[in-house]
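In: Here is a sequence together with a model predicted from it:
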Amino acid sequence: MSSNKTAVVLGAGPGLGMSIAHRFGREGHRVALVSRSDARHGAYLASLAEAGVEAAAFTADVNDAARLAAVLDEIRARFGTIDVVYYGPAAMDGPMPGDIREAGPADVRAAMELLYPAVDAVANVLPGMVERGSGGLLFAGGLSSVVPMPSLGALAVMSAALRNYALTLNAGLADAGVYAGALTIGGLIERGDIHRAMTADPDRFGGIAVATLDPDGIADTAWDLFSKRDRPEAVCNALG
């Protein structure tokens, strides 16, 4: 089944990250999982092996540019090429939402730190993709990039920047054989860490009810974007 292509999942977690890994693995890609901790790597790799997917796991905090570059080198040493990168890190300990009226320069700078690792990753892998005339870059972001959500504050600013980066890459790579696309997500992703935290302790989040999305469905959409290349963005929205 191997296509000798490698998909890298940056920010591999039990929700969308693993669904992306399984979806691209099902299409014959080898998979490299990258996450901040190796605590769950054994279970992730066992799940992929059971599905017949060749995979390896690596540990890096994407905010550490030097470590991220080293891991991408390790992946190339293991698999030869990096052909697809999915960028979707999310963490409970990142910048928290806040009223946009109270978002100052420091808040926006902190939120924008979530964007820079995506640029680091692209700078590392894109030259090889362009040289080969093939490849793909997929970025997961929030619905606040297209729908004003004042309660998300500075995070909405970063989300819009990430989306614009993906769409601008798509336009700039149109004649290079490399695809870039944005997955714009509105809703809580089932099986993910944030979903588990909210369902385990809803009072911590004000008892709010949030519409959920199936990560397998989003992963199908990601594969459609990458394989068909007929549009630069797909919106997965459960918020109405």
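Out: Received the coordinates, thanks. Numbers count the residues shown, from 1 in each chain.
In: rest of the way, CA atoms for contacts and neighbours
Out: Will do.
In: Show me the longest helix that occurs in this structure.
Out: What stands out as the longest helix in the chain, according to DSSP state H, is helix 154-172.
In: Show me what that one is packed against.
Out: Here helix 154-172 touches helix 105-112, strand 135-142, strand 178-186, going by 3 or more C-alpha pairs under 8 Å, 6 or more residues apart in numbering; DSSP states H and E.
In: Same list (those) but as TSV, adding mean neighbour count.
Out: Shown next, in TSV, are the helices and strands packed on helix 154-172 (neighbours: other C-alpha atoms under 10 Å):
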stretch	mean neighbour count
helix 105-112	16
strand 135-142	24
strand 178-186	25
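In: For Ala118, find the nearest of these.
Out: Taking C-alpha to C-alpha, strand 135-142 is the member of these nearest to Ala118, at 8.2 Å.
In: Now do the same for the residue nearest to the spatial centre of the chain: its pLDDT.
Out: With distances taken as C-alpha atoms, centre = their mean, the residue of the chain nearest its centroid is Gly88 (1.8 Å). Per-residue confidence (pLDDT) for Gly88: 91.
In: coming back round to it: so which of the helices and strands packed on helix 154-172 gets nearest Leu162?
Out: With C-alpha to C-alpha, the closest approach to Leu162 among those belongs to strand 135-142: 7.0 Å.
In: ok, back up a step: out of the helices and strands packed on helix 154-172, which is closest to Arg30?
Out: Closest to Arg30 of the helices and strands packed on helix 154-172, according to C-alpha to C-alpha: strand 135-142, at 13.8 Å.
In: for the protein, where's the lowest mean pLDDT among helices and strands?
Out: Ranked by mean pLDDT, DSSP states H and E, the weakest helix or strand in the chain is helix 193-200, scoring a mean of 62.
In: what comes up buried for stretch 219-236?
Out: The neighbour-count check on stretch 219-236 (16 or more other C-alpha atoms under 10 Å) flags 219, 221-223, 225-226, 229, 232-236 as buried.
In: can you list the residues you listed in CSV and add secondary structure and pLDDT?
Out: Shown next, in CSV, are these (DSSP: H, G, I helix; E, B strand; the rest coil; pLDDT from 0 to 100):
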residue, secondary structure, pLDDT
Ala219, helix, 96
Thr221, helix, 97
Ala222, helix, 97
Trp223, helix, 98
Leu225, helix, 97
Phe226, helix, 97
Arg229, coil, 97
Pro232, coil, 97
Glu233, strand, 97
Ala234, strand, 96
Val235, strand, 94
Cys236, strand, 89
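In: Report the two of these separated the most.
Out: Arg229 and Cys236 (17.0 Å).
In: tell me which element Ala49 falls in.
Out: Using DSSP states H and E, Ala49 sits within helix 41-50.
In: Other residues contacting that helix?
Out: 14, 18, 21-22, 25, 54-57 (C-alpha atoms under 8 Å, 6 or more residues apart in numbering).
In: next one: stretch 169-186
Out: By C-alpha under 8 Å, 6+ apart, stretch 169-186 touches 129-130, 133-145, 163, 166-167, 222, 225-226, 229, 231-239.
In: Rounded mean pLDDT for it, please.
Out: Averaging pLDDT residue by residue across stretch 169-186 gives 95.
In: Likewise for stretch 20-34?
Out: Mean pLDDT, stretch 20-34: 97.
In: Let's see the distance spanning that stretch from one end to the other.
Out: 12 Å (C-alpha to C-alpha, to the nearest Å).
In: Now that stretch: buried residues?
Out: 20-26, 28-34.
In: Distance from the chain centre to that stretch, please.
Out: Distance of stretch 20-34 from its chain centroid, counting by C-alpha atoms, centre = their mean, to the nearest Å, is 13 Å.
In: what's the answer for stretch 129-147, then?
Out: The chain centroid and the centroid of stretch 129-147 are separated by 9 Å under C-alpha atoms, centre = their mean.
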